[in-house]
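K.L.:
what shape does this take:
(4 chains)
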2 protein chains.
Amino acid sequence: MKRIADSTVRRLSAYLRFLEDFEGRGLTTISSEELAKRGGTTSAQVRKDLSFFGSFGKRGLGYSVPELAGRLREILGLEREWKIIIIGAGKIGAALAHYRGFRQRGFSIIAAYDNHADKIGRKLEGIPVRDIEQMEHDVQRERPDIAVLTVPADEAQGMVDRVVKIGIKAILNFAPAQLQAPADVTVKTVNMAMELEGLSFALTNRD
Amino acid sequence: MKRIADSTVRRLSAYLRFLEDFEGRGLTTISSEELAKRGGTTSAQVRKDLSFFGSFGKRGLGYSVPELAGRLREILGLEREWKIIIIGAGKIGAALAHYRGFRQRGFSIIAAYDNHADKIGRKLEGIPVRDIEQMEHDVQRERPDIAVLTVPADEAQGMVDRVVKIGIKAILNFAPAQLQAPADVTVKTVNMAMELEGLSFALTNRD
DNA sequence: TTTAACTTGTGAATGAATTCACAAGCTTCT
DNA sequence: AGAAGCTTGTGAATTCATTCACAAGTTAAA
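P.N.:
Coordinates of the predicted model:
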């Protein structure tokens, strides 16, 4: 398959959200133009994005809302459940555990891991917090798909190495660090300091 | 000034982090090649990024670490303090209030706002939680620069409208919603569901 | 002083993403 | 059945971002 740009995938994800909204309101068809308006893009962009995966619309009419939503879920791999482990049961880990959007979309948090004795054995929003040393063992049985890293920056690379070793192929990283991983492992980093600095830049360099 | 791509600003931000690390270790010069290796990019990219703002290096030698760090801070607008208000004192708001990286970089959280009586009047990591209805009044006096939105998706647009009205020009949004704002207001959205769906896509569409 | 070894800064070339523009298909109305 | 009105899907054109490649500047050593 042709390589799909990251920006395209993000838009598909946004389109799906709008479609679900439309679906909830009982609408049955939608045009690329309407979808574009909601997503802050252009109708040509919407059609081009979808064209990488097939032709889902009807000329003159638009797209069937439930059908297109289904196709997008299929494309994005949301028809199955993905198992997540959270590594680092600090404040961010807790906020994520609490975030209800995950389960809604088929992401199921099965456990959190930490290395602080005072956290191990407790629960985080109903999710068990376990000893990080136990992780390699648990993985045999539970086979998580995605690791979410909420550890300090200086521990992040070490944790990446550990989760890569046990076969995890997708990592969502919240540590402000540039991480190295093999090509077959996808790493996405969310860096709040970087976002804020982007705002600082925008505020500073206005015309 | 020529329009600078978002991707460029993000890299500048990353370079600065590495430079501060180098600075801490007492190194005085660095080449574009070394900077590139740390940032997962190429030396040509580093030089091109910097060239938008001037020529800061010495041929044959590289860049002075403290000088380049200073220049980047200047470019990114980090030489001054930016005042932040957090809107929504829930779990994400709490995690952000707790995050120490902000203050280190000159971002100072002055207050959080919420509409739940049981939160108003308390403190979040030392930051006062105030009634959202008080926001318009407080802003007169405190002049915050950046609003961080951690409210539910269906309240996000309304809050954007409110903070835009009181003159805030930069918004960091954590709600999974596409927001509309005037052109002179910069909005950055951090959407965890979208990131996870990107991972789901990657796991699903591997060769 | 000359040479060798580096490294920057930047036009030119390439590659990637977005936008344009229109033929082709579907629906509805007359 | 024909015409009018929409909207898709997609090559071509354009715009934007990255990479190449090299002249020019600097340092260090002989």
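
K.L.:
contacts and neighbour counts: CA atoms only from here.
P.N.:
Will do.

K.L.:
which bits of chain A sit near DNA strand D?
P.N.:
A:30-33, A:43-44, A:47-48, A:50-51, A:54-63 (CA under 7 Å from any atom of the strand).

K.L.:
can you say which of the residues you listed are buried?
P.N.:
A:30, A:31, A:32, A:33, A:43, A:47, A:50, A:57, A:62, A:63 (16 or more other CA atoms under 10 Å in any protein chain shown).

K.L.:
remind me, longest strand of chain A?
P.N.:
Looking across chain A with DSSP state E, the single longest strand is strand A:107-114.

K.L.:
which of the residues of chain A next to DNA strand D are close to DNA strand C?
P.N.:
Restricting these to those near DNA strand C - CA under 7 Å from any atom of the strand - leaves A:44, A:48, A:58, A:59, A:60, A:61.

K.L.:
tell me the centre residue of chain A?
P.N.:
residue A:172 (7.3 Å; CA atoms, centre = their mean).

K.L.:
the helix or strand encompassing that residue vs chain B: in contact?
P.N.:
Assigned by DSSP states H and E, residue A:172 falls within strand A:170-173. Yes - among the residues of strand A:170-173, A:170, A:171, A:172 lie within reach of chain B under CA under 8 Å from any CA of the partner chain.

K.L.:
and for stretch A:79-92?
P.N.:
Yes - Stretch A:79-92 reaches chain B (CA under 8 Å from any CA) through A:82, A:91, A:92.

K.L.:
give the buried subset of those residues as a PyMOL selection command.
P.N.:
Applied in PyMOL, the following selects the buried portion of these according to 16+ other CA under 10 Å:
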select buried, chain A and resi 82+91+92
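
K.L.:
I'd like the residues of stretch A:79-92 next to chain B laid out as JSON lines, including secondary structure and distance to residue B:7.
P.N.:
Output for these, formatted as JSON lines (DSSP: H, G, I helix; E, B strand; the rest coil; distance: CA to CA, whole Å):
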{"residue": "A:82", "secondary structure": "strand", "distance to residue B:7": "30"}
{"residue": "A:91", "secondary structure": "helix", "distance to residue B:7": "28"}
{"residue": "A:92", "secondary structure": "helix", "distance to residue B:7": "25"}
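
K.L.:
save the residues of stretch A:79-92 next to chain B as CSV, and put in pLDDT too.
P.N.:
Putting the residues of stretch A:79-92 next to chain B into CSV (pLDDT from 0 to 100) gives the following:
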residue, pLDDT
A:82, 97
A:91, 90
A:92, 91
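
K.L.:
and the helices in chain A?
P.N.:
In chain A, the segments counted as helices under DSSP state H are A:6-24, A:32-39, A:43-51, A:65-76, A:91-98, A:101-104, A:135-142, A:153-165, A:192-204.

K.L.:
tilt between the second one and helix A:43-51?
P.N.:
Taking axes from the mean of the first three to the mean of the last three CA atoms, to 10 degrees, helix A:32-39 and helix A:43-51 form an angle of 100 degrees between their directions.

K.L.:
please see if helix A:32-39 touches chain B.
P.N.:
Yes - with CA under 8 Å from any CA as the measure, helix A:32-39 is seen reaching chain B through A:38, A:39.

K.L.:
state the mean pLDDT of that helix.
P.N.:
Average pLDDT, helix A:32-39: 95.

K.L.:
contacting residues for residue A:197?
P.N.:
By CA atoms under 8 Å, 6 or more residues apart in numbering or on different chains, the contact set of residue A:197 is B:13, B:76, B:77, B:78.

K.L.:
hang on, the earlier thing: list the helices and strands the strand holding residue A:172 packs on?
P.N.:
strand A:146-149, strand A:186-189, helix B:192-204 (3 or more CA pairs under 8 Å, 6 or more residues apart in numbering or on different chains; DSSP states H and E).

K.L.:
measure how the longest one sits relative to helix A:65-76, angle-wise.
P.N.:
In terms of direction (the same axes, to 10 degrees), helix B:192-204 departs from helix A:65-76 by 60 degrees.

K.L.:
check whether helix B:192-204 contacts DNA strand C.
P.N.:
No - on the criterion CA under 7 Å from any atom of the strand, helix B:192-204 is out of touch with DNA strand C, staying 14.1 Å away.

K.L.:
centre of the chain versus that helix, how much separation?
P.N.:
22 Å (CA atoms, centre = their mean, to the nearest Å).

K.L.:
residues near residue A:64, how many?
P.N.:
19 (other CA atoms under 10 Å in any protein chain shown).

K.L.:
also residue A:21?
P.N.:
There are 13 residues near residue A:21, going by other CA under 10 Å.

K.L.:
quick check: pLDDT value at it.
P.N.:
93.

K.L.:
for it, give me its contacts.
P.N.:
So residue A:21 contacts nothing (CA under 8 Å, 6+ apart).

K.L.:
make TSV out of the contacts of residue A:197 and add distance to residue A:120.
P.N.:
Shown next, in TSV, are the contacts of residue A:197 (distance: CA to CA, whole Å):
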residue	distance to residue A:120
B:13	35
B:76	40
B:77	41
B:78	39
